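K.L.:
Pasted the sequence and its predicted model underneath.
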There are 4 protein chains.
Amino acid sequence: MLRVAIVGASGYTGVELARLLTGHPHVELTAATSRKYAGKPLASVFPSLRGCTDLLCENLGPEELLDRADFFFTAVPHGTAMDIVPALLAAGRKVVDLSADYRLRDLTVYEQWYQDHSSADLFQEAVYGLPELYRQQIRDCRLLANPGCYPTSVILGLAPLLRENLIDPGTLVIDSKSGTSGAGRAANVATLFCEVTDGFRPYKVGGTHRHIPEMEQELSLLAGSTVRISFTPHLLPVSRGILSTMYAACRTPLACEAVQALYEEAYGDEPFVRVCAAGTLPATQHVRGSNFCDIAVTVDSRTNRVIVTSAIDNIVKGASGQAVQNMNLMNDFEETCGLTGLPFFP
Amino acid sequence: MLRVAIVGASGYTGVELARLLTGHPHVELTAATSRKYAGKPLASVFPSLRGCTDLLCENLGPEELLDRADFFFTAVPHGTAMDIVPALLAAGRKVVDLSADYRLRDLTVYEQWYQDHSSADLFQEAVYGLPELYRQQIRDCRLLANPGCYPTSVILGLAPLLRENLIDPGTLVIDSKSGTSGAGRAANVATLFCEVTDGFRPYKVGGTHRHIPEMEQELSLLAGSTVRISFTPHLLPVSRGILSTMYAACRTPLACEAVQALYEEAYGDEPFVRVCAAGTLPATQHVRGSNFCDIAVTVDSRTNRVIVTSAIDNIVKGASGQAVQNMNLMNDFEETCGLTGLPFFP
Amino acid sequence: MLRVAIVGASGYTGVELARLLTGHPHVELTAATSRKYAGKPLASVFPSLRGCTDLLCENLGPEELLDRADFFFTAVPHGTAMDIVPALLAAGRKVVDLSADYRLRDLTVYEQWYQDHSSADLFQEAVYGLPELYRQQIRDCRLLANPGCYPTSVILGLAPLLRENLIDPGTLVIDSKSGTSGAGRAANVATLFCEVTDGFRPYKVGGTHRHIPEMEQELSLLAGSTVRISFTPHLLPVSRGILSTMYAACRTPLACEAVQALYEEAYGDEPFVRVCAAGTLPATQHVRGSNFCDIAVTVDSRTNRVIVTSAIDNIVKGASGQAVQNMNLMNDFEETCGLTGLPFFP
Amino acid sequence: MLRVAIVGASGYTGVELARLLTGHPHVELTAATSRKYAGKPLASVFPSLRGCTDLLCENLGPEELLDRADFFFTAVPHGTAMDIVPALLAAGRKVVDLSADYRLRDLTVYEQWYQDHSSADLFQEAVYGLPELYRQQIRDCRLLANPGCYPTSVILGLAPLLRENLIDPGTLVIDSKSGTSGAGRAANVATLFCEVTDGFRPYKVGGTHRHIPEMEQELSLLAGSTVRISFTPHLLPVSRGILSTMYAACRTPLACEAVQALYEEAYGDEPFVRVCAAGTLPATQHVRGSNFCDIAVTVDSRTNRVIVTSAIDNIVKGASGQAVQNMNLMNDFEETCGLTGLPFFP
């Protein structure tokens, strides 16, 4: 049994990691840290775990952490992760970092969009944890940068088209909608029930969301050239789910059947990507609670644009589920281990 | 007091008309038709009206209708409206038609997107009922084609930019999200609570929604050239509200301040359009229950695109409220009469 | 025009007062206080008010308050209200207090359930603001204690049965469910969207909710004897609405028709109480946004119990709407003035 | 591998059975029947199953059914089940019936609350499938009557108190609230999204819900005397979840600690009942998607009543999960097999 710790267990990605890891046959959850809830049972912070775990939240320093586990998930904010990760690696531990601290390959870009970085030397070895793109590198890495939620839905949605050079990346417009769990569990007027329910709104309009450089980095690598995107996030009155609608001009007119075949080919062997049958579309309620990414590709021949829609559960494939998938790869477990739960509907 | 009838009162636009007209000082609601609920009190179909109206739903033929009112709202499906409207006009009544039957000016386009038309001769005199564009013609008309919900949010959002020729209309991408009341009140598995709640999904992706020709007609008139748009509708787990996010390439680089000023100028005198202060954004929960359209305009200088976001309540400004606004204009009532209720939040 | 101030305008009852008073023909909203948002436009705190008011939030001391208005709504927490109200009264102003500070008639009870009280001498003259019970006293008072939300739904629901001595008050079981706006607008993990949506839970089970003494006081007065109730509140995943389900043993077997007639008689002249027709039931979505209280009374002959169900919008009839109704009475305005908006559905 | 069929797979209990059985290590889902969707892939009826099953919906007669499976779940309406079950049993198959057709032990009661019965002779051998009460009988039976959703939450909630004769059953008041999935997947105006969301309402008030005789039957057996209950169901704007709040007078004053200990003792070995720690309460969002029943017991010493609150997921422990639990027992599988998924929160 692999001894696993969750650093930062009191957020929504933390409880989702706890849910998934508790059911995982090859790991034992041996520590869960939380400054705010130190000393309280994790199951009292999240009564959904009532009776399922005896773990206490603890406020552990770096040394104590090392004693407690062999594999670490850091589910803390960016800026905090960089203070914890280097010591874990130095002590020979493997880490899946769910923050943004090791996702970007260019320090200048990181510092422009985030803040100063104290361990940029690790950028070289960190692997961007999208298994559909980097499976082999993930298997071999010790520091995994778990992708952002929006980027997961977007990169998986666009990869086949960009790889084949079928669209003009300069025309990419990406309109994404996220469930409110993406905003975290901090007490905040803007995410109170009454502020969010029965409503819908955009935020960070105009190219200012921090997931933009992450998407542009990966889309550029796929396209083989620098890609700039228009990206607008929106807040949905649902707990879980991201749906991204992506538009781009076709380089030459495309046939629906051809792009459908391209996607089915590209993702035919992927355990967690489901290409929607022609004429059907993804919906967040059909991936809820699962590690699936559902993708549909449609051609609008009136405007010569291709429209890709993709849906994930933002805290599973968009965070904790993908983190477990990466842990599986990094430890030679079956890739789907602990992630075989089907979406729950309704 | 103007005697007013609602033809097709048992849908969501019907009950909203009843709500608004019951509080209107210059009209008396004298008839409400419904085949399905004929003989039942309207307040038993919609208990929200309990104690507020004694009106019975009736199944009235054209002759009976004429006896009962002087002004008509036809809130029936397209195809049905064209069977009712000509007789009302022939008898000298004025009509606000909430269906799509008289919105398009080109019969070929209507028949391509909808069906055969039995009174296309009325296309010439029907006025497209967006007061912000056609106020004077509305005042003088007897047949008013009340705009679709999506088109209202989109046309108001884009009019200033197109009129000033600031964007390339060939690059227009419109991503819209609608509350479920837009799907009507028919019994239908797809709009059951459990199918919609806690979820989000696109529909009619790829240029197939019937509001597209309506938007293209009006946007083309504003642009002075033929406009083709990419338009994707989505279904929100809210009752009321449409939010449209619109993207277009700027013809030349635009300054935020300039486009902000353009919008404030364009809509400064409009009673029902609220331009969001720079740095703020619309949200459906902030227009809920009101006739307001809130609009924000943002420039993304990274990609040289302008992004317009607009929010309406789809059954008020997107249907019944706008219908009352048009009735006011057609009868020389104060334009805002009966529509002064503020948005309710939360 | 009556100059009116809202003390504590940044909560949900505050914005609802602003919404209702902005549309009131006889008052002018002249001040809105908020410590937290002092200096910010009220319409930036609540964008639903965008374009509808120029009022700034201010942090005003007692002297400044007096200059600014002639009538006051204190929408601050209990304990804070008692620090503000005496000075306003002393200066000859009238006050509707939405807190619990002047609802109880017995200081011992207040101090047992709440805290020490600094102006208990005002208990004698404060009038409990349920117009259906105390209309004449309200007209004549200068300090009005606006009822709690749960008590409004419960007292209106039970008054006819208790007055007629038809039930055994010792058997009263009251199961109430409230929308989340009742929990206020403070940043709080427990009322975040993700904690509340798609869920339901009881709280303060076992006779510990502070509205219990308020209900018992008024129910006892109606019954003419001391009443003790079992009361359980629950949190609904809706913004607005309270539904109370009340059970009591009939003293002697009751006929449905007789209790129905009793309720129709009791409330026949009340502008804001709607007795549901026999066989129909209240629902929070049918009173949403309105000042109505819908009530149904049912007899379960199998168990010889009567079951009363009542629905209100907790921030209208349960708070701000009732406060405006009381202001109307205290100023000889039409009782329904500013409150004629119908429920919005859907 | 046990070959298992779902008769009536196109409802919400059907898809939940499919979800649970797909992940069950000892069974193979070999048939799914649906008249309405015959010929369509089950995964096109429920896209959540996309890629997870190739099963087609079929319209199978009794003979065909027998060929296709060895174990049957009948998830069809009452009245229909009785037409199917006898033939399956006669052919030596075992059946878990999710309808009400075999839950009652008294034909007179069945016919009074439901309709005529065509195979009442099976009442004697049918076992009421609440494992916490009838585990041994379930192991040995071939016809299992799966409990109703409300009864599951209520019987588990009250069993310890009734068995110990601590409450007066004549005072039982049960106030239950159910998610909308309990109303099924039929097209119906009353359960459209816009009718349910942002609202709450009671239904079947006054002792008319068909689960009453089922609850009274089992509560009477537990109490050792005839029990009559007041029961009021309500409709929650959530997909999944039932919360029941139950009130009864204590026969003699009870100490909180004593009843807490009683419940912990009663359910200490149960894999799917979680007794909430003293001072904590159940919530539907904390059992969502799981087979748990969370129960809290509270004493209100002011009124000498005990209040029990219990929460389940109505389509897991209240239907399909409990059905799988029963299948496990009937086939000597581990009782928790296929049911170890933790609740998902948020």
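P.N.:
Okay, I see it. Numbering: from 1, shown residues only, chains lettered A, B, ... in the order given.
K.L.:
So residue A:271 sits against residue A:334, correct?
P.N.:
No. Residue A:271 is not in contact with residue A:334 according to C-beta atoms under 8 Å; the separation is 9.5 Å. Every C-beta, even on glycine, is put in place using the N, C-alpha and C of the backbone.
K.L.:
tell me the contacts of the residue in the stretch 1-150 of chain A that chain C sits nearest to?
P.N.:
Of all residues in the stretch 1-150 of chain A, residue A:12 sits closest to chain C, at 6.7 Å by C-beta to the nearest C-beta. Applying C-beta atoms under 8 Å, 6 or more residues apart in numbering or on different chains to residue A:12 gives the contacts A:181, A:184-185, A:315, C:194, D:346.
K.L.:
quick one, domains of chain A?
P.N.:
A:2-125, A:150-314 (automatic domain parsing).
K.L.:
distance between the last one and the chain's centre?
P.N.:
Its chain's C-alpha centre lies 12 Å from the corresponding centre of domain A:150-314 when counted by C-alpha atoms, centre = their mean, to the nearest Å.
K.L.:
Does at least one residue of that domain sit close to chain C?
P.N.:
Yes. Using C-beta under 8 Å from any C-beta of the partner chain, domain A:150-314 reaches chain C at A:180-181, A:185-189, A:191-198, A:237-239.
K.L.:
so, in contact with chain D or not, that domain?
P.N.:
Yes. Using C-beta under 8 Å from any C-beta, we find that domain A:150-314 touches chain D at A:181, A:197-198, A:239-240, A:274, A:276-277, A:280, A:283, A:285-290, A:292, A:294.
K.L.:
check whether the biggest helix by length in chain A contacts chain B.
P.N.:
For chain A, the helix that runs over the most residues, judged by DSSP state H, is helix A:149-163. No. Helix A:149-163 stays clear of chain B (C-beta under 8 Å from any C-beta), getting no nearer than 12.1 Å.
K.L.:
My guess is residue A:168 contacts residue A:249. True?
P.N.:
Yes. Using C-beta under 8 Å, residue A:168 makes contact with residue A:249 at a distance of 4.7 Å.
K.L.:
Looking at the two, which one has more neighbours?
P.N.:
residue A:249 (19 against 13; other C-beta atoms under 10 Å in any protein chain shown).
K.L.:
Retrieve the pLDDT associated with the nearest residue to the more buried one once chain neighbours are set aside.
P.N.:
Leaving aside its sequence neighbours, residue A:249 sits nearest to residue A:171 (C-beta to C-beta, 6 or more residues apart in numbering or on different chains; 4.1 Å). As predicted, residue A:171 sits at a pLDDT of 98.
K.L.:
Residue A:171 contacts residue A:250, doesn't it?
P.N.:
No. With contact defined as C-beta under 8 Å, residue A:171 does not count as touching residue A:250 (9.3 Å).
K.L.:
what residues are shared contacts of the two?
P.N.:
In contact with both residue A:171 and residue A:250: residue A:305, using C-beta under 8 Å, 6+ apart.
K.L.:
before we move on, back to that, could you list which residues are in contact with the residue nearest to residue A:249?
P.N.:
So, once contact is read as C-beta under 8 Å, 6+ apart, residue A:171 ends up touching A:247-249, A:305, B:171.
K.L.:
what do you get if the cut-off is 10 Å, keeping everything else the same?
P.N.:
Listed by C-beta atoms under 10 Å, 6 or more residues apart in numbering or on different chains, the contact set of residue A:171 reads A:229-230, A:247-251, A:305, B:171, B:173, B:247, B:249, B:303.
K.L.:
Among these, which are located in strands?
P.N.:
Counting by DSSP state E, the contacts of residue A:171 place A:230, A:247-249, A:305, B:173, B:247, B:249 in strands.
K.L.:
pretty sure residue A:110 is in a helix, no?
P.N.:
Yes. Judged by DSSP: H, G, I helix; E, B strand; the rest coil, residue A:110 forms part of a helix.
K.L.:
burial of it, as a residue count?
P.N.:
24.
K.L.:
Check it and give its pLDDT.
P.N.:
Predicted confidence (pLDDT) for residue A:110: 98.
K.L.:
doesn't residue A:145 make contact with it?
P.N.:
No. At 11.2 Å, residue A:110 and residue A:145 do not qualify as touching, with contact defined as C-beta atoms under 10 Å.
K.L.:
what sits in contact with each of the two?
P.N.:
Jointly contacting residue A:110 and residue A:145 under the rule C-beta under 10 Å, 6+ apart are A:100-104, A:123, A:214.
K.L.:
Go through the residues you listed and flag which are in helices.
P.N.:
Counting by DSSP H, those place residue A:214 in helices.
K.L.:
tell me the two of the shared contacts of residue A:110 and residue A:145 that are most distant?
P.N.:
Greatest spacing in the shared contacts of residue A:110 and residue A:145, by C-beta to C-beta: A:123 and A:214 (12.9 Å).
K.L.:
Give me the common contacts of those two.
P.N.:
Common neighbours of residue A:123 and residue A:214, counting by C-beta under 10 Å, 6+ apart, are A:103-105, A:110, A:145.
K.L.:
Quickly find the element holding residue A:165.
P.N.:
Counting by DSSP states H and E, no helix or strand carries residue A:165.
K.L.:
Please report how far it lies from chain C.
P.N.:
Computed with C-beta to the nearest C-beta, to the nearest Å, the distance linking residue A:165 and chain C is 41 Å.
K.L.:
Mind pulling up the pLDDT for the residue nearest to that residue when sequence neighbours are not counted?
P.N.:
Computed as C-beta to C-beta, 6+ apart, the closest residue to residue A:165 that is not its neighbour in sequence is residue A:251, at 6.8 Å. Per-residue confidence for residue A:251 comes out at a pLDDT of 97.
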